[in-house]
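Student: after the sequence you'll find the predicted model.
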Amino acid sequence: MVLKNGFTLIEFLMTMAIVVVMSIIMISAFNPSLQVNKAGDATRKKDIRRIGIAFEEYMNDMDCYPTQAAVSGYSCGATTPLLPNWPCDPAGFQYIYQMDSSACPRYYRIFTKLRNRVDKDIPTGWYSQPLSNRFGDGSLTRDDMNYGVSSMNVGWNDLAP
C-alpha cells in the first residue's frame, strides 16, 4: 500500500489561480488611488472649514473679513494672525480665496478642487453644467474648483455676476 502525500500539479495551479483572482478582486475593491484621493479630500475640506472659522472670528473682532491681499500673502505653514499654521492644499499650493475688493471686505469665498469627482459634497450635476459658467469673481469654471465655503451672505458656488 502506497500513501501519497502532497499536492498534484493541477491542484497547485488551481489554488494559485484562485488566489490570483481573489487578489485582483480585493485590489479593485479597495482601489488604492481612490483611497488616497479621499484622504486628501478630507484634508482639503477640513482645512478650508478651519480657515472659514478663522475668517468668522476675525469678522467678530474687526467687523470685516480679512483682505484678499493679506490672505494671499500667507505662505503654507506660516504663523499668521488668523491661524498658527496656515493650511495649504495637500498638493502644496494655496487654496483659492476671494473677498470683495474694499478695505473692509463684507464677504469671502474659499475654493478647492476635490480629486474624488463623485464626492457627496460636490453639488449634484456639477460636471454637467456648461463650462462657460463662471463662479466667484468670474475667473473660475467648474473645472477649476468643485467645493468651497463662504460667508453666510454669499454662496460659494454662486455664478459670477
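Tutor: Looks like it arrived, so ask away. Worth saying up front: this structure is predicted, and the values here are computed from it rather than measured. Residues are numbered from 1 along each chain as shown.
Student: so what's the gap between the helix ranked longest in the chain and the chain middle?
Tutor: When the chain is parsed with DSSP state H, its longest helix is helix 32-62. Chain-centre distance of helix 32-62: 8 Å, with Cα atoms, centre = their mean, to the nearest Å.
Student: which helix or strand lies directly C-terminal to it?
Tutor: helix 68-72 (DSSP states H and E).
Student: which strands and helices lie in contact with that next one?
Tutor: Applying 3 or more Cβ pairs under 8 Å, 6 or more residues apart in numbering; DSSP states H and E, one finds that helix 68-72 contacts strand 96-99. All C-beta spots, glycine's among them, are computed from the backbone N, C-alpha and C.
Student: show me what the strand it packs on is packed against.
Tutor: Checking 3+ Cβ pairs under 8 Å, 6+ apart, strand 96-99 ends up next to helix 68-72, strand 108-112.
Student: rerun at 10 Å
Tutor: Under the contact criterion of 3 or more Cβ pairs under 10 Å, 6 or more residues apart in numbering; DSSP states H and E, strand 96-99 touches helix 32-62, helix 68-72, strand 108-112, strand 147-150.
Student: burial count for Trp156?
Tutor: Using other Cβ atoms under 10 Å, Trp156 has 21 other residues around it.
Student: tell me the pLDDT of the spatially closest residue to it that is not a sequence neighbour.
Tutor: The shortest distance from Trp156 to any non-neighbouring residue, by Cβ to Cβ, 6 or more residues apart in numbering, is to Gly148 (3.3 Å). Per-residue pLDDT puts Gly148 at 96.
Student: quick one: Gly148 and Ile110 touch, right?
Tutor: Yes. Gly148 lies in contact with Ile110 (Cβ atoms under 10 Å); the separation is 5.7 Å.
Student: can you list residues touching both of these two?
Tutor: 48, 52, 95-96, 98, 136, 156 (Cβ atoms under 10 Å, 6 or more residues apart in numbering).
Student: what's the most distant pair in the residues you listed?
Tutor: Gly52 and Gly136 (14.8 Å; Cβ to Cβ).
Student: and these two? which has more neighbours close in?
Tutor: Gly136 (22 against 18).
Student: test my guess that that one contacts Phe111.
Tutor: Yes. Shown here, Gly136 and Phe111 form a contact pair, counting by Cβ under 10 Å, at 6.8 Å.
Student: mutual contacts of the two, please.
Tutor: 96-98, 144-145, 148, 150, 156-157.
Student: reformat these as JSON lines; add distance to Cys64.
Tutor: Formatted as JSON lines, the shared contacts of Gly136 and Phe111 follow (distance: Cβ to Cβ, whole Å):
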{"residue": "Ile96", "distance to Cys64": "20"}
{"residue": "Tyr97", "distance to Cys64": "15"}
{"residue": "Gln98", "distance to Cys64": "15"}
{"residue": "Asp144", "distance to Cys64": "26"}
{"residue": "Met145", "distance to Cys64": "24"}
{"residue": "Gly148", "distance to Cys64": "20"}
{"residue": "Ser150", "distance to Cys64": "15"}
{"residue": "Trp156", "distance to Cys64": "19"}
{"residue": "Asn157", "distance to Cys64": "23"}
